[in-house]
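Engineer: when you get a sec, could you give me coordinates for this:
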Amino acid sequence: MEAVSIPVCLQYYGMPAAQSLQTYGVLTGMALPCILFPSAVTNAVSSMLLPTVAGLQEMKNRQQLRSLILKITCSCILLGCFLLWCSSDTRKMDWKFFCSKVRLPENFILTLAWICPFLYTNTVLLSMINGLGKTTCSFLFNLFSLCIRITGVFLFIPAAGISGYLNGLLISQIFLFLCCILRLSVYAGKY
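Structural biologist: As a prediction, the model looks like this:
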C-alpha cells in the first residue's frame with residue numbers, strides 16, 4: 001500500500017508523473033539501500049539475542065538483563081550515529097556517475113541518516129521484547145508504527161512532498177523506539 005501510494009501522493013503534491021516515479025525510484029533504489037546496509041549486522045545481533053534474553057528471563061536475572069539492554073541499545077545507537085556522521089560527506093560524492101540528471105540521493109541519505117539510530121536500535125529492541133515472550137506488544141508497536149508511516153504518506157506527502165514522507169518515517173521510528181524502551185524498562189524493573 002505504501003509503495004503504490006507514494007508516487008500517487010507525490011503527484012498530489014504537484015510533481016508530474018514521471019518525476020514522482022523518478023523521485024520514488026531514487027529513494028528506494030539508491031538512498032534506502034545505503035541506509036539499510038548496516039541493518040544486516042543488527043538483524044544478526046537481534047537473532048542471537050532472542051535466546052539470551054529468554055534465558056535471562058527464565059533465570060530472573062534482572063541486573064544482567066538491564067545491563068544487556070543498556071549495552072545493546074547504546075551499541076546500536078552508536079552505529080546509527082556513526083552512519084549519520086559518515087553521511088555528512090555525501091554532498092561531496094559525484095552522483096552523476098550513478099545517474100545523469102538526479103541530484104536527490106545525497107539529500108535523501110542525509111535525511112534518512114537521522115533515522116538510522118532509531119532504525120537499527122528498534123530491530124534489536126523488538127527482538128528482546130519477543131525474547132521476553134511479549135510478542136503481542138511487539139506486534140502492536142509495529143502496527144502503530146506502520147499506521148504512522150501510512151498516515152504520513154497520505155497527509156504529509158501532499159503537503160510537503162517527499163520530505164513529508166521522510167519526516168513521517170522518522171516520527172514512526174521514534175515512536176517505535178520510545179514504546180520499546182518504555183516496555184523494556186518497565187519489564188526489567190518489574191521482577
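
Engineer: how much space between residue 175 and residue 165?
Structural biologist: 16 Å (CB to CB, to the nearest Å). Yep, even glycine has a C-beta here, placed from its N, CA and C like the rest.

Engineer: show me how far the lowest-mean-pLDDT helix or strand in the chain is from its chain's centre.
Structural biologist: Counting by mean pLDDT, DSSP states H and E, the chain has its least confident helix or strand at helix 105-113, which shows a mean of 76. Chain-centre distance of helix 105-113: 13 Å, with CA atoms, centre = their mean, to the nearest Å.

Engineer: what segments of the protein are strands?
Structural biologist: Counting by DSSP state E, the chain yields no residue ranges for strands.

Engineer: spatially nearest residue to the spatially most central residue of the chain (excluding sequence neighbours)?
Structural biologist: Of all residues in the chain, the one closest to the mean position by CA atoms, centre = their mean is residue 119, 2.9 Å from it. Closest residue to residue 119 apart from its sequence neighbours, by CB to CB, 6 or more residues apart in numbering: residue 173 at 5.5 Å.

Engineer: angle of the biggest helix by length in the chain against helix 105-113?
Structural biologist: Longest helix of the chain, by residue count under DSSP state H: helix 162-190. Calculated by axes from the mean of the first three to the mean of the last three CA atoms, to 10 degrees, helix 162-190 forms an angle of 20 degrees with helix 105-113.

Engineer: what residues are up against the residue nearest to residue 119?
Structural biologist: Taking CB atoms under 8 Å, 6 or more residues apart in numbering as the contact definition, residue 173 lies against 115, 118, 119, 122, 145.

Engineer: top of the residues you listed by neighbour count?
Structural biologist: residue 122 (27 neighbours; other CB atoms under 10 Å).

Engineer: what's the spacing between it and residue 82?
Structural biologist: Applying CB to CB to residue 122 and residue 82 gives a distance of 17 Å.
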